[in-house]
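# what follows is a predicted protein model with its sequence.
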Amino acid sequence: MNLPSPPSRSRSAAANQAPLGASQRAGLHAAAVHREGHVPPSLPDSEARQLAELGLIEVLGAVPEARFGPLTRAARYAITGAGRSRARREPLPRVLLVPCSMGKADVPAGPAAEMYVGSYHVAARKAAAAAAADGAAQVLTLSAKFGLLRDEDRILHYDLRAGQRGTVSPQVLARQAHFLGVSAGRVTVFAGRSYAALAATIWPALEHPLKGLSIGQQLAFFADLYRPSRRTGLPRP
């Protein structure tokens, strides 16, 4: 019986020392907390192949695209023991969540970045963009109906607040967080209590710098970030 040979010393050294991109690090962290060790299928093929060459992830059985087509979200790779070890040494991805808004563009559908026009959302978005200006954080919108949204995600017009009947379920949020590679992220919520509570169903250790602040104080907190010349002294994230 032929057993697979252990990874060579050179391959192990490469797995430990090769620099990884932000999405690769996020993918390893997401796979490490996934119950089956699946790598998020949103990780670009080229980056996944690099991780596989380093022995940090491995191909799962049959190629999903051959069964379900090129747009499938089925898992293609699983993390290896070496990948778990590497993930423990890598920084967690940083995620900033902003809430959706009741104020929406007067169109039946459109990208998330253009759909939400409410003043609170706009202020939260400007603050999150300023906080993420160094490129070390990803900004996502937490929609009461559609869950975690990237700017380019197209959505239908709707009317729903977090906590109302029809709010996106924690199960859907968990699947979205894994797909986006942020399930193991360090999350900060730039939103009020109901949206922070919704996010906490997935990230119980999230940071909520607005906790206990009035609406006026929350807006001042946002302005402190995107207009630093008028600092009020409120704590920053």
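That came in fine, so what should we check first?
# which stretches in this protein count as helices?
Ranges of helices in the chain, per DSSP state H, are 9-17, 22-33, 45-53, 64-68, 81-89, 112-115, 119-131, 170-180, 193-200, 215-226.
# could you dump these to TSV with mean neighbour count and mean pLDDT?
C-beta: built from backbone N, CA, C; applies to glycine. Listed next are the helices of the chain as TSV, based on neighbours: other Cβ atoms under 10 Å; pLDDT from 0 to 100:
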stretch	mean neighbour count	mean pLDDT
helix 9-17	12	66
helix 22-33	23	97
helix 45-53	16	95
helix 64-68	12	55
helix 81-89	17	96
helix 112-115	17	96
helix 119-131	20	96
helix 170-180	17	97
helix 193-200	20	97
helix 215-226	17	95
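# let me have those in a markdown table, extended by distance to Leu142.
Below are these laid out as a markdown table (distance: least, Cβ to Cβ, whole Å):
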| stretch | distance to Leu142 |
| --- | --- |
| helix 9-17 | 35 |
| helix 22-33 | 18 |
| helix 45-53 | 26 |
| helix 64-68 | 28 |
| helix 81-89 | 25 |
| helix 112-115 | 11 |
| helix 119-131 | 10 |
| helix 170-180 | 8 |
| helix 193-200 | 5 |
| helix 215-226 | 15 |
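# point to the residue nearest the middle of the protein.
Centroid check for the chain by Cα atoms, centre = their mean gives Val182 as the closest residue, at 3.3 Å.
# verify the stated contact: it with Leu142.
No - contact criterion Cβ atoms under 8 Å: Val182 and Leu142 do not qualify, at 11.5 Å.
# what bridges to Ala78?
Beta-bridge partners for Ala78, by DSSP bridges, are His38, Glu58.
# neighbours of it, how many?
Ala78 is flanked by 17 other residues according to other Cβ atoms under 10 Å.
# which ones are touching it?
Going by Cβ atoms under 8 Å, 6 or more residues apart in numbering, Ala78 touches 31, 36-39, 57-58, 60.
# overlap in contacts, Val182 and Leu142.
Shared between the contact lists of Val182 and Leu142 (criterion: Cβ under 8 Å, 6+ apart) are residues Leu148.
# can you give me the neighbour number for Leu56?
Neighbours of Leu56 under the rule other Cβ under 10 Å: 29.
# got a pLDDT number for it?
At Leu56 the predicted local confidence, pLDDT, stands at 97.
# so what's the closest residue to it other than its chain neighbours up against?
Leaving aside its sequence neighbours, Leu56 sits nearest to Gly83 (Cβ to Cβ, 6 or more residues apart in numbering; 3.7 Å). By Cβ under 8 Å, 6+ apart, the contact set of Gly83 is 28, 31-32, 51, 55-57.
# cool, Val182 as well?
26, 30, 93, 95, 138, 140, 148.
# ok, now how distant is it from Gly147?
Distance, Val182 to Gly147, by Cβ to Cβ, to the nearest Å: 12 Å.
# next one: Ser119
To Gly147, Ser119 is 23 Å away according to Cβ to Cβ.
# ok, Phe221 next?
Counting by Cβ to Cβ - Phe221 and Gly147 are separated by 25 Å.
# what sits closest to Val33 if chain neighbours are left out?
Leaving aside its sequence neighbours, Val33 sits nearest to Ala184 (Cβ to Cβ, 6+ apart; 4.7 Å).
# phi and psi next, for that neighbour.
Backbone torsions of Ala184, given as degrees, to the nearest 10, read phi -110, psi 20.
# offset the numbering so it begins at 342, please.
Fine by me, first position is 342 from now on; the one you just mentioned is Ala525.
# neighbours of it, how many?
By other Cβ under 10 Å, 23 other residues sit near Ala525.
# is it in contact with Pro432, as I believe?
No - contact criterion Cβ under 8 Å: Ala525 and Pro432 do not qualify, at 10.9 Å.
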